[in-house]
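Visitor: Below is the sequence, then the predicted model.
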Amino acid sequence: MTLQRYLDETVARFPERAAVREPGGASVTYRELGELSDRLRDRLASMGVAPGDRVGIYLRKSIDTVAAIFGVLKTGAAYVPVDPSAPPSRNGYIFANCSVKVAITERRFEPGLRKHLSEEGAADTPLFVIDEAAGGAGLRAALDAADAATRAPRVATVHTGPDALAYILYTSGSTGKPKGVILTQRNATSFVDWCSETFAPAPEDVFSSHAPFHFDLSILDIYTPLKHGASLALVPEDIGKDPQKLARLIHDARITVWYSTPSVLSLLVQYGKLEDYDLSHIRTILFAGEVFPIVHLKALHALLPAPRYFNLYGPTETNVCTFFELPPAIPSERVDPFPIGMVCSHLEAVVVDDAGDEVGRGERGELCIRGASVTPGYWNLPEQTAKAYLTTGVGARDAAKGPWYKTGDVVTEETGGVYVYAGRKDRMVKKRGYRVELGEIESCLYRHPDVREAAVVAIPDDELGLKVRAHLATRDGGRLSVIALKGFCAQHLPVYMIPDVFSFHAELPKTSTEKTDYQALMRME
Amino acid sequence: MDRQAIVDTVKHFILEQFLPGEDPDELATDTALMTTGILDSLATLKLVTFLEQEFDITVEAHEADAANLNTLDLIADLVHGKL
């Protein structure tokens, strides 16, 4: 099975059902989505894209973007989606890093992308440029224009093997540069098939697409409804951040299966005026990416008691690997977050100590995962790939069953194989569902000419869930303008990685081995 | 109320709420606020609530975006147009 075959099969079964809808009323049927992606497949093939290549996608979320994803997959290549709101320098770096054969982008992003591809030594990367990604019309017009110049010969859809790359998702990297998690067709389809088994989608369902396409939550969104002839309701970036607009969209699009980070649901329940709407069409609410503060979860459940709620857990490297269905009623005395739950049926889990040996039930240890959806590694980073899997203890046995991926998350196992999350092993945190490597923020701050020392910590915050605080020592020992610092960070980092608070010190505290004392910094204002 | 008074009121609110300790001279009327993370999504909601209460206006949901709120100039235009 491949992701592109899901689409072919649904086009044959449900050609006239709505596949993807935008909030403005634009939509495409499965037949139209199939045709549009066929045309892009032909165009990409004529530009030289072949099985095994990568194709960059730098588009705002739209019908055009979904068609672009399938156009790439149908050539047998892997797609590399990037954040359209991130600085073009970051996106140029990503495309150059995995040497995309072609990048698909919009007119508005073209100058910035060209400049940064050129700075990365990839100036000759061909671009396929759409005037405006919206409603599928932008992509169709770009294909028409290209065909008018030179018609792209029709080619067959490539049905790659299970080990072929399907997509690369770039996440925050500890070296200061994003790193590409590579995911195969088997990684993706084993996860989507688990979603089928667990959430029983029907053609009448309408799934939300809240997460951006460079984020692994989008895999469930895009492919689960598609496999079953259901619809996908796109939530564009601007509406996704606005709780009141979002509540209206959920109502107007008659969404039946919602999936997002807890942050979004927390904002919706506090500011979305959900009580103004009849939302009885929602049958399932899924959340993942971070811990859901229990106070907001209780408030949401009180407003919407009917749907089934699932807490999904998993890093990009495995996609969802454990899940927990909430009880129909949340006890009012509950103050702890819910567990991350049991391992998914297509995977295995083990909890290990620092030596890699399995710990007893109830003891803390690192959660490791193996099975069909576990990534084969990072793009062009053999050392980081080797370090990602367990090699000692449990990891030294049964190599034929595949490697154990080390999640870096500390858990305990309760009775019945239910896992409870305890915290991060390294310095990567989740802010609003985004993985933020604190070291990457530090690398950015160290590029500022007036910064002498920088250390970034994440501290719990009642309102934001998590606050990122940057501790700085400047060259002249004085303060810097927070406005100027945030402006500087915005040139190098996506907005969710910009520190919330800056503190200034004569020098940063050190441990006895002259390393930055993060424990002390956690307690400092 | 004249436009300058709106700018001063909003500037004072943003400095006090979101930029404690900042030199007021750094916050110019064309400083980007939303695209630099000075105003995150929660801060934007607080700003809108403040604008509605302080100036007795209604800010529609579709207006609460960077096109209308990214700088003090834009905010003043939005508010001034509603008085």
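Guide: Received the coordinates, thanks.
Visitor: Just the helices from chain B, written as ranges.
Guide: In chain B, the segments counted as helices under DSSP state H are B:3-18, B:41-55, B:66-69, B:72-82.
Visitor: List the contacts of A:Pro337.
Guide: Residues in contact with A:Pro337, defined by CB atoms under 8 Å, 6 or more residues apart in numbering or on different chains, are A:Val291, A:Phe292, A:Pro293, A:Ile294, A:Leu297, A:Tyr421. (Glycine included, C-beta is placed from N, CA and C.)
Visitor: A:Gly138 too?
Guide: By CB under 8 Å, 6+ apart, the residues touching A:Gly138 are A:Ser62, A:Asp64, A:Glu106, A:Ile130, A:Asp131, A:Glu132.
Visitor: Give me every residue in chain B lying close to chain A.
Guide: Within chain B, the positions lying close to chain A (CB under 8 Å from any CB of the partner chain) are B:19, B:21-23, B:26-27, B:31-32, B:35-38, B:40-42, B:45, B:61-62, B:64-65.
Visitor: and the residue in chain B that chain A sits nearest to, how many residues sit next to it?
Guide: For chain B, the residue closest to chain A is B:Gly37, as judged by CB to the nearest CB, at 3.6 Å. Applying other CB atoms under 10 Å in any protein chain shown, we find 22 residues neighbouring B:Gly37.
Visitor: Skipping its backbone neighbours, what lies nearest A:Arg41 in space?
Guide: Excluding its sequence neighbours, the residue lying closest to A:Arg41 (CB to CB, 6 or more residues apart in numbering or on different chains) is A:Lys74, at 3.9 Å.
Visitor: hang on, I meant A:Pro23
Guide: A:Leu249 (5.4 Å).
Visitor: tell me what the helix or strand containing that neighbour is packed against?
Guide: Counting by DSSP states H and E, the element that carries A:Leu249 is helix A:243-252. Counting contacts by 3 or more CB pairs under 8 Å, 6 or more residues apart in numbering or on different chains; DSSP states H and E, helix A:243-252 packs against helix A:237-240, helix A:262-271.
Visitor: most tightly surrounded among the ones you listed?
Guide: helix A:262-271 (a mean of 23; mean count of other CB atoms under 10 Å in any protein chain shown).
Visitor: Can you give the contact residues for it?
Guide: Applying CB under 8 Å, 6+ apart, the contact partners of helix A:262-271 are A:210, A:240, A:243-244, A:246-247, A:274, A:285, A:287, A:289-293, A:296-297, A:299-300, A:303, A:432-433, A:465, B:41-42, B:45.
Visitor: Give me the mean pLDDT for that helix.
Guide: What helix A:262-271 shows for mean pLDDT is 88.
Visitor: residues contacting the residue of chain B most remote from its centre?
Guide: Within chain B, the residue lying farthest from the chain centre (CA atoms, centre = their mean) is B:Gly21, at 18.1 Å. Shown in contact with B:Gly21 (CB under 8 Å, 6+ apart): A:Arg479, A:Val482.
Visitor: Distance-wise, check it relative to A:Gly477.
Guide: When distance is defined by CB to CB, to the nearest Å, B:Gly21 is 16 Å away from A:Gly477.
Visitor: Show the low-confidence segments of the stretch 401-525 of chain A, by residue range.
Guide: For the stretch 401-525 of chain A, the stretches with pLDDT under 70 are A:511-515.
Visitor: quick one on the thing from earlier: surely the residue of chain B closest to chain A is in contact with A:Gln491?
Guide: No - if you go by CB atoms under 8 Å, B:Gly37 and A:Gln491 don't touch, sitting 11.7 Å apart.
Visitor: now the residues of chain B next to chain A: which count as buried?
Guide: Among the residues of chain B next to chain A, those classed as buried by neighbour count (16 or more other CB atoms under 10 Å in any protein chain shown) are B:19, B:22, B:27, B:31-32, B:36-38, B:40-41, B:45, B:61, B:64-65.
Visitor: Find the pair from the residues you listed with maximum spatial separation.
Guide: B:Glu22 and B:Ala61 (29.1 Å; CB to CB).
Visitor: how about the helices in the stretch 251-400 of chain A?
Guide: A:262-271, A:294-303, A:382-387 (DSSP state H, counting those that start in this stretch).
Visitor: same question, the stretch 101-250 of chain A
Guide: So, for the stretch 101-250 of chain A - with DSSP H, counting those that start in this stretch - the helices run A:110-119, A:137-149, A:185-199, A:217-228, A:237-240, A:243-252.
Visitor: Over in the stretch 351-500 of chain A, which residue gets nearest chain B? Let me know.
Guide: Counting by CB to the nearest CB, the stretch 351-500 of chain A gets nearest to chain B through A:Ile498 (3.6 Å).
Visitor: for chain A, which helix is longest?
Guide: Longest helix in chain A, counting residues (DSSP H): helix A:30-46.
Visitor: And for that one, what's in contact with it?
Guide: A:7-8, A:10-11, A:14-17, A:19-20, A:28, A:55, A:63, A:66-72, A:74-75, A:77, A:102, A:104, A:128, A:136, A:139-140, A:143, A:146-147, A:150, A:152-155, A:157, A:229.
Visitor: Could you identify the buried members of those residues?
Guide: Buried members of the contacts of helix A:30-46, counted by 16+ other CB under 10 Å: A:7-8, A:10-11, A:14, A:17, A:19-20, A:28, A:55, A:63, A:66-72, A:74-75, A:77, A:102, A:104, A:128, A:136, A:139-140, A:143, A:146, A:152, A:157, A:229.
Visitor: Can you read off the pLDDT for the residue in the stretch 151-300 of chain A positioned nearest to chain B?
Guide: Using CB to the nearest CB, A:Gln244 is the residue of the stretch 151-300 of chain A that sits closest to chain B, at 4.3 Å. In this model, A:Gln244 is scored at 94, pLDDT.
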